[in-house]
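Participant: sequence? don't have it. structure:
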């Protein structure tokens, strides 16, 4: 089977590597985004060139010459792993078996670009990934296969993705290819009544409101750790909060209630957040207890507005 791998960054590179480990002769070309001026070479491009594979980097697929180039590869299947460039039907359908795309959510839940953040922020207890047949609609199209994992009470984005979703997803590309190779791969309709779409999770969404229930505050901090990073304010300046824990206690929301060598606790509604690691706008991440001392804060002071 003649394969094109389209992707970027570490995930695209690792998917490519897994396919080359199985059958080095099946991958015939790699597509990735154009180089960014002054930026580092994308890992998937660097790896593909090391392996002697041709690399194509069109900015879009609007030109007939770009489509002709893709068609000339005479591919059976295009595997789209972590793709930001819109790939229209005219390009997706050129391989004999079409194209299959990866998405780090249980579609139709959490369509959109921040699919690992939002399940944690929303307090869901499971996540996973889907391989689906892309259409011109965002993360729409029939599903080939899905994999589910638990979201643990203390999971952050980096834990959920890199310790759970990522390694399984890389391995699953072998199953994806086998399903196409065996013929008649599954096509499971997405249930549009269950579909959700969330926009990209940005710094705006990561603002902590200490007057919300403690579970919501805790889920927000976990769901944006490490990026874009939850934040609050102190005298109008932003303070980013990373590692934390949920603890019991009553008091006035936003107020620092106690301190320890582990950090300091801030009151929310129905409980407290034990803050363990923070970052100022122009500084590195530091232990919360260290920052508290340098900032001259004490029990009874308040964060936020």
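Facilitator: All right, it came through fine. In this text, all values refer to a predicted model and were calculated from it rather than measured experimentally.

Participant: Name the secondary structure element that contains residue 13.
Facilitator: Secondary structure assigned from DSSP states H and E places residue 13 in helix 9-22.

Participant: Outline the domain layout of this protein.
Facilitator: The chain breaks down into these domains under automatic domain parsing: 3-194, 203-295.

Participant: Which one of those lies nearest to residue 301?
Facilitator: domain 203-295 (5.1 Å; CB to CB). From N, CA and C alone the C-beta is placed, and that goes for glycine too.

Participant: just to revisit the earlier point, and the helix holding residue 13, how far out from the chain's middle?
Facilitator: Centroid displacement of helix 9-22 relative to its chain, using CA atoms, centre = their mean, to the nearest Å, is 17 Å.

Participant: average model confidence for that helix?
Facilitator: Confidence for helix 9-22, expressed as mean pLDDT, is 96.

Participant: Stretch 298-305 too?
Facilitator: pLDDT averaged over stretch 298-305 gives 92.

Participant: before we move on, what about stretch 113-126?
Facilitator: Stretch 113-126 shows a mean pLDDT of 97.

Participant: For that stretch, list every residue counted as buried.
Facilitator: The neighbour-count check on stretch 113-126 (16 or more other CB atoms under 10 Å) flags 114-122 as buried.

Participant: what does that stretch contact?
Facilitator: Counting contacts by CB atoms under 8 Å, 6 or more residues apart in numbering, the residues outside stretch 113-126 that touch it are 103-106, 109-110, 112, 127, 148-151, 155-157, 160-161, 165, 198-201, 205, 215-216, 219-220, 222-224.

Participant: which residue ranges form the helices in the stretch 51-200 of the chain?
Facilitator: Assigned by DSSP state H, counting those that start in this stretch, the stretch 51-200 of the chain shows helices spanning 64-72, 89-92, 117-121, 157-159, 166-181.

Participant: With residue 25 as the reference, name the closest of those.
Facilitator: Closest approach to residue 25 among the helices of the stretch 51-200 of the chain is made by helix 166-181 (13.0 Å; CB to CB).

Participant: now the angle from that closest one to helix 9-22?
Facilitator: 50 degrees (axes from the mean of the first three to the mean of the last three CA atoms, to 10 degrees).

Participant: Of the buried residues of stretch 113-126, which is the nearest to residue 87?
Facilitator: residue 115 (18.1 Å).

Participant: returning to what we had before: which secondary structure elements does the helix holding residue 13 sit against?
Facilitator: When contacts are defined as 3 or more CB pairs under 8 Å, 6 or more residues apart in numbering; DSSP states H and E, helix 9-22 sits against strand 3-7, strand 27-31, helix 43-50, strand 77-81, helix 166-181.

Participant: got the angle between that helix and strand 27-31?
Facilitator: Here helix 9-22 runs at an angle of 170 degrees relative to strand 27-31 (the same axes, to 10 degrees).

Participant: If you count neighbours, what's buried in stretch 9-28?
Facilitator: Buried-residue list, stretch 9-28, by 16+ other CB under 10 Å: 10-16, 18-20, 26-28.

Participant: just stretch 89-104 next, same as before
Facilitator: Within stretch 89-104, judged by 16+ other CB under 10 Å, the buried ones are 91-92, 94-95, 97-104.

Participant: Of those residues, which pair is most distant in space?
Facilitator: Distance extremes for the buried residues of stretch 89-104: the farthest pair is 94 and 104 at 25.7 Å, using CB to CB.

Participant: which outside residues touch stretch 8-24?
Facilitator: With CB under 8 Å, 6+ apart as the criterion, stretch 8-24 contacts 3, 5-7, 26-27, 30, 32-33, 42-44, 46-48, 51, 79, 81-84, 102, 166, 169-171, 173-174, 177.

Participant: thinking again about what came up before, and which of the buried residues of stretch 113-126 is nearest residue 138?
Facilitator: Of all those, residue 138 sits closest to residue 115, with 11.0 Å by CB to CB.

Participant: List buried residues within the contacts of stretch 8-24.
Facilitator: By 16+ other CB under 10 Å, the contacts of stretch 8-24 give 3, 5-7, 26-27, 30, 32-33, 42-44, 47-48, 79, 81-83, 102, 166, 169-170, 173, 177 as buried.

Participant: most centrally placed residue in the chain?
Facilitator: Centroid-nearest residue in the chain, with CA atoms, centre = their mean: residue 116, separated by 4.7 Å.

Participant: Check the spacing between that one and residue 236 real quick.
Facilitator: As judged by CB to CB, to the nearest Å, residue 116 and residue 236 stand 31 Å apart.

Participant: what does residue 69 give?
Facilitator: Computed as CB to CB, the residue 69 to residue 236 distance reads 54 Å.

Participant: Now do the residue nearest to residue 258 when sequence neighbours are not counted: how many residues are near it, please.
Facilitator: Nearest non-adjacent residue to residue 258, counting by CB to CB, 6 or more residues apart in numbering: residue 265, 5.3 Å away. By the measure other CB atoms under 10 Å, the count of residues near residue 265 is 26.
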